[in-house]
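# With the input below, show me the fold.
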Amino acid sequence: MSIPTENYETIFKQYSAALRWMEGLGIKLSPGRTSHYERIIGYWKDAYKNATAHEGQNIFPEFVSSMFEVFEFVNIHKAFNALPNHEVKGIVEKLQKGVNGPFNATNETPESSVARNFLFEAAVAAKAHRPDRGVEAILDARSDTGISIGEKKIWVECKRVTTVEKIESNVRKASSQLERILAGEVGSGHRGLVALDVSKILNRGDSIFMTSNDNTLLTSVNQLMDDFIKEHSHIWERIYERRNRKIIGTIIKFSFMATSEARNLIVHTSQWAINPRLGIAKSDEHIQRQLVAELANTQ
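So this is what the prediction gives:
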């Protein structure tokens with residue numbers, strides 16, 4: 001799990017660096033939500049210290065929303081900014097779509113969700129890109145993204161799911177897409193994963209998860225992930241019964257804003273997990289354990 005320890009000033013600088021990087025890649029940012037977040041955080045990073053009650057009521061909710069939104073852009077920048085521009089063409093295409101959409105995630109509709117859907121694909125790629133640890137994102141994948149680890153290539157289809165009722169249809173679609181991709185790949189080194197962002201199921205985005213300290217927050221969020229998988233894994237397992245055995249598991253991700261009262265800061269909290277498919281080969285279980293180990297305690 002990731003709990004950033006940077007103060008608001010540092011986060012603002014990191015986000016501004018991410019925006020300048022995106023502009024350098026030719027991504028058009030204005031007018032749009034990315035510039036809006038920069039303005040809000042740029043003001044509030046200092047103003048919160050001396051804000052009146054009236055300012056807090058009117059501006060602070062926008063600040064919380066902006067802080068929630070910027071971290072995926074920051075993490076994508078951290079993962080890929082050292083690569084030559086021509087190598088991140090696929091990420092650029094996702095980011096150009098991802099900068100659009102409503103300013104606040106709570107105002108998202110099925111018709112306006114495309115931007116954040118593409119951003120999630122880029123975020124999964126960023127999470128998986130750790131070349132110093134032998135794990136790299138496949139940036140020209142035919143799937144939403146891909147992961148190269150050892151001699152295996154793992155193709156990933158990504159879905160953001162807004163309600164429990166929509167888990168089944170999204171997993172069914174993603175696994176069907178993976179079957180088509182796997183059918184076109186030659187050799188035994190190809191596998192598939194479905195990636196689900198379930199943030200809106202667990203938190204609609206308009207509330208803050210409150211805890212007394214970081215340790216309590218870690219325990220609570222780990223339990224939240226464990227409970228979600230325990231309660232809902234039967235949905236995707238039932239679908240996988242009829243799917244290609246090379247589809248080996250499910251990535252689950254959620255994020256929300258939380259307070260750690262001991263530090264008196266609002267923090268962006270994210271958790272990632274892999275739920276291996278039941279009955280897979282030991283070698284495929286090992287791939288997923290290795291992937292989790294290599295990506296632990298990062299972004």
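
# you'd agree Ser260 is up against Asn215?
No - Ser260 is beyond contact range of Asn215, at 9.3 Å (criterion: CB atoms under 8 Å). The C-beta positions use only the backbone N, C-alpha and C, and glycine is treated the same way.

# Tell me which of these two has more neighbours.
More crowded of Ser260 and Asn215, by other CB atoms under 10 Å: Ser260, with 22 against 11.

# What residues does that one make contact with?
By CB atoms under 8 Å, 6 or more residues apart in numbering, the contact set of Ser260 is Ile3, Thr211, Ser212, Asn213, Asp214, Leu217, Val267.

# Any chance of a PyMOL selection covering the buried ones in these?
Selecting the buried subset of the contacts of Ser260 in PyMOL, with 16 or more other CB atoms under 10 Å as the burial test, is done by:
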select buried, resi 3+211+214+217+267
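
# Not counting sequence-adjacent ones, nearest residue to Ser260?
Asp214 (5.1 Å; CB to CB, 6 or more residues apart in numbering).

# What's the separation between that neighbour and Asn203?
Going from Asp214 to Asn203 by CB to CB, to the nearest Å gives 19 Å.

# And for Pro131?
In this view, Pro131 and Asn203 are 33 Å apart by CB to CB.

# Ok, Phe209 next?
With CB to CB as the criterion, Phe209 and Asn203 are 7 Å apart.

# intersection of neighbour lists for these two?
Phe256.

# can I get the CA coordinates of the helix or strand where Ser283 lies in PDB?
Per DSSP states H and E, Ser283 falls inside helix 282-295. The C-alpha trace of helix 282-295 is given here as PDB (Å, rounded to 0.1, in the frame of the first residue of the first chain):
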ATOM      1  CA  LYS A 282       2.200 -23.600  -9.800                       C
ATOM      2  CA  SER A 283       4.400 -21.800 -12.300                       C
ATOM      3  CA  ASP A 284       1.600 -19.300 -12.900                       C
ATOM      4  CA  GLU A 285       1.200 -18.800  -9.200                       C
ATOM      5  CA  HIS A 286       4.900 -18.200  -9.000                       C
ATOM      6  CA  ILE A 287       4.700 -15.500 -11.700                       C
ATOM      7  CA  GLN A 288       2.100 -13.600  -9.700                       C
ATOM      8  CA  ARG A 289       4.000 -13.900  -6.400                       C
ATOM      9  CA  GLN A 290       7.100 -12.700  -8.200                       C
ATOM     10  CA  LEU A 291       5.200  -9.800  -9.700                       C
ATOM     11  CA  VAL A 292       3.800  -8.800  -6.300                       C
ATOM     12  CA  ALA A 293       7.200  -9.000  -4.600                       C
ATOM     13  CA  GLU A 294       8.900  -6.900  -7.300                       C
ATOM     14  CA  LEU A 295       6.300  -4.200  -7.200                       C
END
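
# one step back: among the contacts of Ser260, which one lies nearest to Arg33?
Nearest to Arg33, judged by CB to CB, of those is Val267 at 21.0 Å.
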